[in-house]
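Peer 1: quick check, what structure comes out for this input:
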Amino acid sequence: MPSDTTTLKGQPFARDQFEQLVKRRHFYTPSFDAYGGVSGLYDYGAAGTALQNNIVELWRKHFVLEEDMLEVDTTILTPYDVFETSGHVARFADWMCKDPKTGEIFRADHLVEEVLEARLKGDKEARGEKVEAEEDDPKKKKKKVKNIAAVKLDDALVQEIEEVLAKIDNYGGEELGLLIKKYDIRNPANNSELLPPVAFNLMFQTSIGPSANLPAFLRPETAQGQFLNFANLLEDNMQQMPFASASVGKSFRNEISPRQGLLRVREFLMAEIEHFVDPAGGKKHPRFEEVKDVELELLNRDVQLDGKTTVETTKIGTAVETGVVDNETLGYFLARIQLFLLKIGIDPKKIRFRQHMANEMAHYAADCWDAELLTSHGWIECVGCADRSAYDLTVHMKKTGAPLIVREQRKEPLKIEEWQCDLDKKKSGPKFKKDSKTIEAAVEALSQDLREKLSLDLVKDGKISIDVPGVNDGKVELSKELISIEKRTRLDTVREYTPNVIEPSFGIGRIFYALCEQVYWKREQDEARVVLSFPPAIAPTKVLIVPLSSNPDFEPLVRKLRLNLKKIGISTRVDASGASIGKRYARNDELGTPMGVTIDFQSIKDNTFTLRDRDTTEQVRASIDDITTAIANIVKGAEQWSDVATRLPKFEGQEVD
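Peer 2: Okay, the predicted model is just below:
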């Protein structure tokens, strides 16, 4: 656990107590627990589902609505050919190593990281430094790396290990194998030597139809469905560029060794954006000026390759200007990602943007930055923002012939000098018969340089030879009676190009978990009283209604208040149990409910209510209309509690255990 992990109020963070809370209050729970559970699968309870939905709703407002994006919903089941073309079949893999004695499987990079981090802890203990220990979860079959001897390491070795850990994401399978051998990394449970790392494809394979003759995958991302709908999306956007599509939906990855709760799972919710941009314009963004002064904590690849993790606070305008971030559109979305994370309640001190190193870059990416959030598990990638260049549209168009391009009228016609091939189809058709179409396509595919060379051969020899795979021996001879090659000038009035794509990709479950950790804290006067300080906009329930007792005279007021709040879309919860007012508030503080309204005997007399703030426990008293307005303003973000506390009469009392 990172030594600097703290609660929202700066208290030491106890992960075991936090995890007990979120499970006890049913934010999320292991799936199929009655059957022993399946690692990497989780169910969200009522509070967790509401929180997740509110995060997604705010995401839609922040991105889809504000950026005029086109949201689509594409299928989870995806034919094999799609992911073969995209490169996922060949490359979408992690490295795993196996214990030949027990058959236990480890993800290689995670094992190396855990063992080396444990050895650094052992070194600190040997040097007399305090190290916070982690306890095993008795419900989990696999044990953490523990019981590492307090052995002092050479200073040079400590530095070497720290540099390895800083670059851990950049190592491929062969390099991980060398690290395992060099540092004698074994199965922590039995000290058994491991087999060399091998690639394991992370996609779940299935089949479509009763005959199972159409292989398919459960998608590992929502992106491919958006790319294959590009022509329709461009039409929906009236052929105007640039524009963006968006999709929210489930994705699936067959993780080698799921761990860390919601941080590494096999089924998860993603929210992805594909921003299509003209590469000829330098990937400018029309709204970049609005965000150029937003400061980000940047960890670039050069720093990581030096074995360091030092971040630099940089305005995004400066980062783009100096080339640290490749282009304006990529920079624009990095800034907008940070603004979204802050809006949902992420601690600004616990956000950084880390640039991918060359070896960890996805096969489709030209540049990529991760928004990482600090948790008790360390820095966790929660949002990826990649420049996918024109990779996806290009490979799918080449495979299928679908017109995944933009055609736009030029302002002025462009004069183009080029070598043109004229094949006499009336003669070539009868000569080559069934192969004529293949030969025509091969002629059309000839490059300009090759056409120029072949024109000289045609004049000199009266014939040329071209490559045509699959016809004869792969070579076809064409005489000057069948083909002519001439240099001509033509006017091009239409420009065709394949857009580039900037892709922000959000792992909603990881954001959910990091947020819950970061808003968690304990009341100083009573550490047993835990609070989750969700911003009102995303809190699972906005208002707790607390009648002072079970007196039936309170029921009409409860109904009236709930109806008023429901009409304006604000969720409520009534706690009419026999517990004290303080206890009722305390258990809803655990759920992150930002406001509470108490109905007492004074309410019956004058129709006034007390409104309580979760974080400060301050209360004000006012009419039902004033209370409703205050709640609505706080939820919408038009007012803070401090504003309400200033303009409405303060109330003392009532909150007792």
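Peer 1: center of the chain - which residue?
Peer 2: Phe506 (2.5 Å; C-alpha atoms, centre = their mean).
Peer 1: my guess is that one meets Ala271, correct?
Peer 2: Yes - Phe506 lies in contact with Ala271 (C-beta atoms under 8 Å); the separation is 4.3 Å. Backbone N, C-alpha and C define where each C-beta goes, glycine included.
Peer 1: quickly list what's touching both of those two.
Peer 2: The overlap between the contact sets of Phe506 and Ala271 (C-beta atoms under 8 Å, 6 or more residues apart in numbering) consists of Trp59.
Peer 1: that older thread, now do the same contact list for the residue nearest to the centre of the chain.
Peer 2: Trp59, Met270, Ala271, Glu272, Cys382, Val383.
Peer 1: mind checking which of the residues you listed are in strands?
Peer 2: Among these, the ones falling in strands (DSSP state E) are Met270, Ala271, Glu272, Cys382, Val383.
Peer 1: where does Arg495 sit, in terms of helix or strand?
Peer 2: strand 483-497 (DSSP states H and E).
Peer 1: now that strand: average pLDDT?
Peer 2: The average pLDDT for strand 483-497 rounds to 91.
Peer 1: buried stuff in it?
Peer 2: Judged by neighbour count using 16 or more other C-beta atoms under 10 Å, the buried positions of strand 483-497 are Ile483, Ile485.
Peer 1: give me the helices and strands touching that strand, please.
Peer 2: strand 406-423, helix 448-461 (3 or more C-beta pairs under 8 Å, 6 or more residues apart in numbering; DSSP states H and E).
Peer 1: which one of the ones you listed has the poorest average confidence?
Peer 2: strand 406-423 (a mean of 90).
Peer 1: the nearest residue to Ala150 once chain neighbours are set aside: neighbour count?
Peer 2: Leaving out its chain neighbours, the residue that sits closest to Ala150 by C-beta to C-beta, 6 or more residues apart in numbering is Glu125, at 3.8 Å. Neighbour count for Glu125, taken as other C-beta atoms under 10 Å: 17.
Peer 1: hmm, Leu153 and Glu125 touching each other?
Peer 2: No - taking C-beta under 8 Å as the definition, Glu125 is not a contact partner of Leu153, at 11.2 Å.
Peer 1: returning to that earlier point: phi and psi next, for the residue nearest to the centre of the chain.
Peer 2: phi -110, psi 130 (degrees, to the nearest 10).
Peer 1: swap in the one 10 residues further on?
Peer 2: Per-residue torsions, Cys516: phi -60, psi -40 (degrees, to the nearest 10).
Peer 1: measure the residue lying closest to it once chain neighbours are set aside to Tyr28 for me?
Peer 2: Sequence neighbours aside, Val22 is the residue nearest to Cys516 in space, at 6.1 Å (criterion: C-beta to C-beta, 6+ apart). Relative to Tyr28, Val22 is positioned 6 Å away (C-beta to C-beta, to the nearest Å).
Peer 1: so where do the strands sit in the stretch 151-300 of the chain?
Peer 2: All strands of the stretch 151-300 of the chain, identified by DSSP state E, counting those that start in this stretch, fall at 198-201, 204-208, 214-218, 243-252, 267-277, 295-299.
Peer 1: could you dump those into a markdown table with mean pLDDT, mean neighbour count and distance to Gln52 added?
Peer 2: As requested, these are arranged in a markdown table below (pLDDT from 0 to 100; neighbours: other C-beta atoms under 10 Å; distance: least, C-beta to C-beta, whole Å):
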| stretch | mean pLDDT | mean neighbour count | distance to Gln52 |
| --- | --- | --- | --- |
| strand 198-201 | 90 | 15 | 28 |
| strand 204-208 | 94 | 14 | 22 |
| strand 214-218 | 95 | 18 | 20 |
| strand 243-252 | 98 | 20 | 11 |
| strand 267-277 | 98 | 23 | 7 |
| strand 295-299 | 97 | 20 | 26 |
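Peer 1: which one of those strands lies nearest to Lys415?
Peer 2: Comparing the strands of the stretch 151-300 of the chain against Lys415 with C-beta to C-beta, the closest turns out to be strand 267-277 (27.1 Å).
Peer 1: in its sheet, what does the closest one sit against?
Peer 2: Using DSSP bridges, the strands paired with strand 267-277 are strand 243-252 (antiparallel), strand 500-507 (antiparallel).
Peer 1: export those to CSV and append columns for distance to Val198.
Peer 2: Output for those, formatted as CSV (distance: least, C-beta to C-beta, whole Å):
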stretch, distance to Val198
strand 243-252, 21
strand 500-507, 26
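Peer 1: so which of those strands is nearest Lys566?
Peer 2: Going by C-beta to C-beta, the one of the strands paired with strand 267-277 nearest Lys566 is strand 243-252, 25.4 Å.
Peer 1: tilt between that closest one and strand 204-208?
Peer 2: In terms of direction (axes from the mean of the first three to the mean of the last three C-alpha atoms, to 10 degrees), strand 243-252 departs from strand 204-208 by 100 degrees.
Peer 1: before we move on, the earlier item: list just the nearest of the ones in strands among the contacts of Phe506 to Thr206.
Peer 2: Using C-beta to C-beta, those come closest to Thr206 at Met270, 19.0 Å.
Peer 1: next up, phi/psi of Ser428, please.
Peer 2: phi -70, psi -30.
Peer 1: thinking it is in contact with Lys437, fair?
Peer 2: No - counting by C-beta under 8 Å, Ser428 does not reach Lys437; the two are 10.2 Å apart.
Peer 1: more neighbours, those two?
Peer 2: Ser428 (20 against 11).
Peer 1: how about the contacts made by that one?
Peer 2: Ser428 touches Ser436, Ile439, Glu440, Leu478, Leu482, Ile483, counting by C-beta under 8 Å, 6+ apart.
Peer 1: could you work out the most separated pair of these?
Peer 2: Ser436 and Ile483 (12.6 Å).
Peer 1: for Ile599, see how far away Ala576 is.
Peer 2: Counting by C-beta to C-beta - Ala576 and Ile599 are separated by 10 Å.
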